[in-house]
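Visitor: have a look at this prediction, sequence included:
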Amino acid sequence: MSKSQHPVALRIEQRVGGATRLLATVMCLPLLDGIFPALVLAGALSDPAGILEVGLLIFGGSATVAVILADIDGSPTEQAKSVLLVGSVLVVGAVVEAALAPTIAGVLDLAVFERFAALVILAVAAQTASARIGDFLPRPAIIIGLGLVASVDPSGTGLVVQVDPELMVRAAAAALVAVLFALHLALFGPWLRDVVDIDRFRFGSAVALGVLPLGLFGLVPGDAPLALAVLGMTFLFAFDPQRSVEDVWPPGGGDDDADGDDEYDSVGPASADTVSEEDRAPWL
């Protein structure tokens, strides 16, 4: 079972199994359940901030962080190879779906579809925050399907194949942002595991996802990337260097010995000559 206990990762692992397959499913899920094409149709990639938001929050969200830091085994180099393998699939899939998006947009009422895109992001945010809440919400694919049905414009001119090369490049850029983010997690994983609180990051990411529709669909004034600001605050709150200190020093969590003698009494820890290398703090 997924050691990260992330609600999304746990649900997916029950179906796919294996850490690498779990990572591939987590990162490519927005391609499979329709979230990414919905955001493309809604204009989420129209500016650099939107590209960063989609890359960091949709493709590289808290589930990706949890899987890489808690579930994937192997050295940083081995993990980086897995990330690059998954990333190649992600980039190709994002470009293909972006190539199809203009054709689909020709038969949709985008004003209606954008509302469903906002709903699906809110649903994913709720599922990220709590597995119990996610049990009562419809799956994103169902919301996207209803949105497609509700937004079909019968008065449209018909299905005309269109390709927007610039949009395809932006989609590739969003996927690359996620790949670089995941690669950073893999390479610096041994350090990040000691200083990042995954649960704090998960809840912060859920909040960032929740505010993403506000800026994306003009529900708040101004063009400030509100979701990126919340995500930045999430990184700060999830960063907890004291975790590594508390886990290593004093050994045993500072509990008293069974005989009542506390080796780490008020005078301080034992001398350097009597403390084993395994019990030393990491900076010694």
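Guide: Perfect, thanks for sending it.

Visitor: V230 against F203, yeah?
Guide: No - using C-beta atoms under 8 Å, V230 is not in contact with F203; the gap is 11.1 Å. To be clear about C-beta, it is placed using only N, CA and C from the backbone, and glycine gets the same treatment.

Visitor: so how far is V65 from A174?
Guide: 17 Å (C-beta to C-beta, to the nearest Å).

Visitor: what about the two, which has more around it?
Guide: A174 (29 against 24; other C-beta atoms under 10 Å).

Visitor: quick check: the more buried one is in a helix.
Guide: Yes - with DSSP: H, G, I helix; E, B strand; the rest coil as the criterion, A174 is part of a helix.

Visitor: can you give me the distance of it to A98?
Guide: Per C-beta to C-beta, A174 is found 9 Å from A98.

Visitor: my read: L228 touches P48, true?
Guide: No - counting by C-beta under 8 Å, L228 does not reach P48; the two are 10.3 Å apart.

Visitor: and these two? Which one has more around it.
Guide: Ranked by neighbour count (other C-beta under 10 Å), L228 and P48 place L228 first, with 19 against 11.

Visitor: could you say which helix or strand holds that one?
Guide: Assigned by DSSP states H and E, L228 belongs to helix 226-238.

Visitor: next one: S46
Guide: Using DSSP H and E, no helix or strand contains S46.

Visitor: so what does it look like in phi/psi?
Guide: phi -80, psi -20 (degrees, to the nearest 10).

Visitor: model confidence score at V8, please.
Guide: Looking at V8, its pLDDT is 56.

Visitor: equivalent analysis for the one 4 residues further on, please.
Guide: Taken from the predicted model, the pLDDT recorded for I12 is 54.

Visitor: for whichever helix or strand F36 is part of, packing partners?
Guide: Using DSSP H and E, F36 sits in helix 35-41. If contacts are counted by 3 or more C-beta pairs under 8 Å, 6 or more residues apart in numbering; DSSP states H and E, helix 35-41 sits against helix 19-32, helix 76-105, helix 110-129, helix 140-151, helix 165-187.

Visitor: so what secondary structure elements neighbour the next helix or strand after the last one?
Guide: Proceeding N to C from helix 165-187, the next assigned helix or strand is helix 189-195, under DSSP H and E. Using 3+ C-beta pairs under 8 Å, 6+ apart, the elements in contact with helix 189-195 are helix 62-70, helix 76-105, helix 242-248.

Visitor: which one of these lies nearest to A123?
Guide: Of all the helices and strands packed on helix 189-195, the one in closest proximity to A123, counting by C-beta to C-beta, is helix 62-70 (14.4 Å).

Visitor: quick check: angle from the closest one to helix 19-32?
Guide: 170 degrees (axes from the mean of the first three to the mean of the last three C-alpha atoms, to 10 degrees).

Visitor: what angle do helix 62-70 and helix 226-238 make?
Guide: Relative orientation of helix 62-70 and helix 226-238, computed by the same axes, to 10 degrees: 30 degrees.

Visitor: for helix 62-70, the averaged confidence score.
Guide: 82.

Visitor: ok, now stretch 123-137?
Guide: 74.

Visitor: report the buried residues of it.
Guide: A123, V124, A125, A126, Q127, T128, A129, G134, L137 (16 or more other C-beta atoms under 10 Å).

Visitor: so which of those residues is the closest to V196?
Guide: T128 (16.3 Å).

Visitor: check what contacts the very next helix or strand once past the helix holding F36 and list those residues.
Guide: Using DSSP H and E, the next helix or strand after helix 35-41 towards the C-terminus is helix 48-53. The contact list for helix 48-53, computed with C-beta atoms under 8 Å, 6 or more residues apart in numbering, reads 43-45, 170, 173-174, 177, 212, 216, 223, 225, 227-228.

Visitor: before we move on, what about stretch 138-150?
Guide: In contact with stretch 138-150 (C-beta under 8 Å, 6+ apart) are residues 32-35, 37-38, 108, 112-113, 115-117, 119-120, 123-124.

Visitor: quick check on the residues you listed: which are buried?
Guide: 33-35, 37-38, 108, 113, 116-117, 119-120, 123-124.

Visitor: need the max-distance pair from those.
Guide: L108 and V124 (20.9 Å).
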